[in-house]
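> have a look at this prediction, sequence included:
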Amino acid sequence: MKILVTGGLGFIGSHTSLLLLEEGYDVVILDNLSNSRISTLEKINSLSANKAAFVQGDILDEKIVDKVFSLGNFHGVVHFAALKSVEESQNNPMKYYLNNVAGTLTILKECQKYGVRNFVFSSSASVYGDAESPVSEDTTSGNRLNPYAESKGMCERILNDIAISDNSMRPTILRYFNVIGAHRSGLLGEESTKEFGNIMPYIVKVASGKMDKILVYGNDYNTPDGTGIRDYIHVMDVAKAHVRALEKQREGCQTYNLGTGQGTSVFELIETFEEVSGLKIPYEVAQRRYGDIEVSYSNPAKAMGELGWKAEFDIRDMVRDTWNYEKVRFKY
Ligand SMILES: NC(=O)c1ccc[n+]([C@@H]2O[C@H](COP(=O)([O-])OP(=O)(O)OC[C@H]3O[C@@H](n4cnc5c(N)ncnc54)[C@H](O)[C@@H]3O)[C@@H](O)[C@H]2O)c1
């Protein structure tokens, strides 16, 4: 069965493409390389006997997208391609609505034209806004705090409406929490071409001597140690959920949280990194950032019940694999 993976050379897309290949799917990756490198394709293909095909192109380019679909005969689409910087989305909302919402519509139009019914969409815990944790799929969203989160919420709405109007369409929405970790080989990991303000890449930079210290934004939150709490999830667990979602695609639009259900504070993450790596991570406390929420973690029970999926890696595994990727990459 052939799967189109948009954004398949990005962080989560590359791990998922590899797992799909290992599970026997044929994979075609469509990516414009705006936040990824072509060398990732070689790495994916070096790790798998089955090889992914690649088309360099933009999901907003209807001609290219149509050509890919016309040649593809796809069983399904896994749609990762999106821009993901919260800060950039606040400074340039048009860019985010265009890429993330109009880009998704382009892909969906082609799905309808070519009768591709199975569609897995990368959503985000940010659609819950400041709702109280643990959040379940039916939790009413709080204030969505930035255009990035709104763009994901809009796509979710579109997918729900399409499934109501056309009951042959089977979209699955996966709401990821904070994705970290790397492939155990150390060959694939987060290799962004830009900075996104997430903490893990900064911890790694300090550990590898590229920065002196990290900034901890706020230690006066109403949490046990005063720092923000997040639900970190290993990228290979997230990748596995996509395979399960393709296997179990049901009628109507289905939505699942992908998290461990466990919260980890910023200080706990730093301490875990220090224990696992044996290195000291100096930090300085700075003011809270606008738009950061206090606590965010999932109730992942629905994915367990309906997809048979549950996170297998814990926070130490995530930190170990992230650090191993950095060591392999830069030969420490
Ligand atoms: N990383 C996380 O913690 C996280 C959390 C929640 C949701 N998500 C969502 O998951 C998806 C994948 O995230 P990621 O961390 O792998 O991001 P990423 O930036 O590493 O990967 C996205 C890929 O899409 C490509 N892309 C972007 N716009 C494109 C376009 N117009 N046409 C073709 N290709 C395009 C980029 O080049 C990149 O390779 C995104 O939709 C993101 O919003 C990520």
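Arrived safely, thanks for sending.

> and the helix or strand harbouring Val319, C-alpha only, in PDB?
Element membership for Val319 (DSSP states H and E) is helix 315-330. Included here for helix 315-330 are C-alpha records, laid out as PDB according to Å, rounded to 0.1, in the frame of the first residue of the first chain:
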ATOM      1  CA  ILE A 315      11.300  10.700  29.900                       C
ATOM      2  CA  ARG A 316      14.800   9.100  30.500                       C
ATOM      3  CA  ASP A 317      14.500   7.200  27.200                       C
ATOM      4  CA  MET A 318      13.600  10.400  25.400                       C
ATOM      5  CA  VAL A 319      16.500  12.300  26.900                       C
ATOM      6  CA  ARG A 320      19.000   9.500  26.200                       C
ATOM      7  CA  ASP A 321      18.000   9.200  22.500                       C
ATOM      8  CA  THR A 322      18.000  13.000  22.000                       C
ATOM      9  CA  TRP A 323      21.500  13.200  23.400                       C
ATOM     10  CA  ASN A 324      22.700  10.100  21.500                       C
ATOM     11  CA  TYR A 325      21.600  11.700  18.300                       C
ATOM     12  CA  GLU A 326      23.600  14.800  19.100                       C
ATOM     13  CA  LYS A 327      26.700  12.700  19.900                       C
ATOM     14  CA  VAL A 328      26.400  10.600  16.700                       C
ATOM     15  CA  ARG A 329      25.800  13.700  14.600                       C
ATOM     16  CA  PHE A 330      28.800  15.700  16.000                       C
END
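
> wondering if it reaches the ligand at all.
No. Helix 315-330 is not in contact with the ligand by Cβ under 6 Å from any ligand atom; minimum separation 11.6 Å. (Each C-beta comes from the backbone N, C-alpha and C, glycine too.)

> how far off centre is that helix?
How far helix 315-330 lies from its chain's middle: 18 Å, per Cα atoms, centre = their mean, to the nearest Å.

> which parts of this structure sit against the ligand?
Residues of the chain lying near the ligand (Cβ under 6 Å from any ligand atom): 7, 9-13, 31-36, 58-60, 80-84, 99, 103, 122, 124, 176, 178-179, 192.

> out of these, which end up buried?
Among the residues of the chain next to the ligand, the ones that count as buried by 16 or more other Cβ atoms under 10 Å are 7, 9-13, 31-33, 35-36, 58-60, 80-84, 99, 103, 122, 124, 176, 178-179, 192.

> so for the residue in the chain positioned nearest to the ligand, what pLDDT did the model give?
Taking Cβ to the nearest ligand atom, the ligand has its nearest neighbour within the chain at Gly10, 1.9 Å off. Gly10 carries a pLDDT value of 97.

> got any ranges where the stretch 201-332 of the chain has weak pLDDT?
By pLDDT under 70, the stretch 201-332 of the chain has no low-scoring segment.

> that one: helices as residue ranges?
Secondary structure of the stretch 201-332 of the chain (DSSP state H, counting those that start in this stretch): helices at 235-247, 266-277, 301-307, 315-330.

> what packs against the second one?
In other words, helix 266-277. Contact here means 3 or more Cβ pairs under 8 Å, 6 or more residues apart in numbering; DSSP states H and E; on that basis helix 266-277 packs against helix 199-207, strand 214-217, helix 315-330.

> sec struct for the closest residue in space to the residue of the chain closest to the ligand that isn't next to it in sequence, please.
Computed as Cβ to Cβ, 6 or more residues apart in numbering, the closest residue to Gly10 that is not its neighbour in sequence is Ser36, at 4.9 Å. Look at Ser36: counting by DSSP: H, G, I helix; E, B strand; the rest coil, its state is coil.

> check contacts around Ser36.
The contact partners of Ser36, taken as Cβ atoms under 8 Å, 6 or more residues apart in numbering, are Gly7, Leu9, Gly10, Gly13, Ser14, Glu191, Thr193.

> of all these, which comes closest to Ser208?
Each of the contacts of Ser36 was checked against Ser208 using Cβ to Cβ; the closest is Glu191, at 13.9 Å.

> isn't there a strand covering the closest one?
No. Using three-state DSSP, the assignment for Glu191 is coil, not a strand.

> what residues of the longest helix along the chain count as buried?
Secondary structure of the chain per DSSP state H: the longest helix is helix 147-165. Using 16+ other Cβ under 10 Å as the test for burial, helix 147-165 gives 147-156, 158-159, 162-163.
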